[in-house]
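In: the following block contains a protein sequence and its predicted model.
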Amino acid sequence: MTEQPKPGQEKPEQKEQDKFKFQIVYLVPILASLLFGLVCAYLLVPSQSEVIPVTPIPETTPGAPFGNALYFVILIAISATMFYFLIKRKSKKIIKGLIVVALTTASLLLSVVYLSAILAYFPIVDNIWVLVALSLILTVLFDLAIFRLGSIARNVAVVALGGALGIFFGFSIPLYSAVIILAFLAVYDVIAVYRGPVGKIAASGLDQLQGLSFSFKDIQMGLGDLVFYSMLMGVMFFSFQQSILPTIMSIIGILAGSIVTFFMLEKKGIFPGLPFPIMLGLAFGLIAGFLL
């Protein structure tokens, strides 16, 4: 499940001086996830021809970008609604089980993808058994960090997962489908926060979804924020490899949009994390890619 973002939530009983106030340090997990994702992107460059399709409609099909965007939005909406009803029914064991399965599967997949890229540089150990063994070890360590080793290890693991998973999507999804998917998700995020299940989940506390969210100082942020920020950067990286400028500009746009989001958070207590970073990240990245 890629649950949509809530950079934070203010409690009604908070005094004025205790309310969330933006500081530049709140950008640290976002920037850390993007930088880790950038490292992952460079690992995948030699594997450019070995793309794993994650969209159901081939890019050459008429209307594919819109069809793929609807697929992603519907999938995420169903997932968010399912978790909302499980939280409402206080089905904690089912929630925990689903999160464990989802994150373990994602970790194992990403371990195989990135370790394959790394092992390609070391032919002497580049074989299936080494890959399987290392992938299983990395997945176990990831699960321990998320579910056993405390909040600091969990937050580091979530930040890294967001960057790695986003780059995997950016690597696997063609430019036009990715742009429309991100635009649709930004619109859906607004609806889901203010009229849909995501806002209700955030109101009940994202700490019930440990691993799909993390806390940093006074804010709570969903894994989906980090995944789609990194996906945007990854799309720019792989689509405009002749220049690093679109990638850098997309990062600047994401950070600028995040700052706007945090200032909105000061006023509203809860605010969707995708619209401004996605809008500015896409605008800056695409302008640099096509016009500069």
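Out: Thanks, I have it.

In: from here on, just use CA atoms for contacts and neighbour counts.
Out: Noted.

In: L274 and D189 touch, don't they?
Out: Yes. Between L274 and D189 a contact is recorded at 6.6 Å, counting by C-alpha atoms under 8 Å.

In: show me which of these two is the more surrounded one.
Out: L274 (29 against 26; other C-alpha atoms under 10 Å).

In: quick check: that one vs K96, distance?
Out: 25 Å (C-alpha to C-alpha, to the nearest Å).

In: likewise A288?
Out: 42 Å.

In: of the two, who's got more company?
Out: In terms of neighbours (other C-alpha under 10 Å), A288 is the more surrounded of A288 and K96; the figures are 20 against 16.

In: what helices or strands is the helix or strand encompassing that one leaning on?
Out: Assigned by DSSP states H and E, A288 belongs to helix 275-290. Judged by 3 or more C-alpha pairs under 8 Å, 6 or more residues apart in numbering; DSSP states H and E, helix 275-290 is in contact with helix 175-194, helix 223-239, helix 245-268.

In: the ones you listed: which one's closest to P123?
Out: Nearest to P123, of all those, is helix 223-239, at 25.3 Å by C-alpha to C-alpha.

In: how distant is that closest one from the center of its chain?
Out: Relative to its parent chain, helix 223-239 has a centroid offset of 7 Å by C-alpha atoms, centre = their mean, to the nearest Å.

In: so what does that helix touch, helix or strand wise?
Out: Checking 3+ C-alpha pairs under 8 Å, 6+ apart, helix 223-239 ends up next to helix 28-44, helix 151-172, helix 175-194, helix 245-268, helix 275-290.

In: again, 7 Å this time
Out: Helix 223-239 is packed against helix 28-44, helix 151-172, helix 245-268, with contacts defined by 3 or more C-alpha pairs under 7 Å, 6 or more residues apart in numbering; DSSP states H and E.

In: in the first one, what counts as buried?
Out: Of all the residues in helix 28-44, those buried under the rule 16 or more other C-alpha atoms under 10 Å are 29-38, 40-41, 43-44.

In: run through the stretch 151-292 of the chain and note the low-pLDDT ranges.
Out: 203-208 (pLDDT under 70).

In: how much space separates the closest residue to M236 other than its chain neighbours from S177?
Out: Nearest residue to M236, sequence neighbours excluded (C-alpha to C-alpha, 6 or more residues apart in numbering): T247, at 5.3 Å. The spacing between T247 and S177, counted by C-alpha to C-alpha, is 18 Å.

In: compare these two and say which one has the larger neighbour count.
Out: T247 (27 against 21).

In: I'd assumed F238 was in contact with that one.
Out: No. Contact between T247 and F238 fails when scored by C-alpha atoms under 7 Å: they sit 8.9 Å apart.

In: give me the common contacts of those two.
Out: Contact with both T247 and F238 is made by no residue, according to C-alpha atoms under 7 Å, 6 or more residues apart in numbering.
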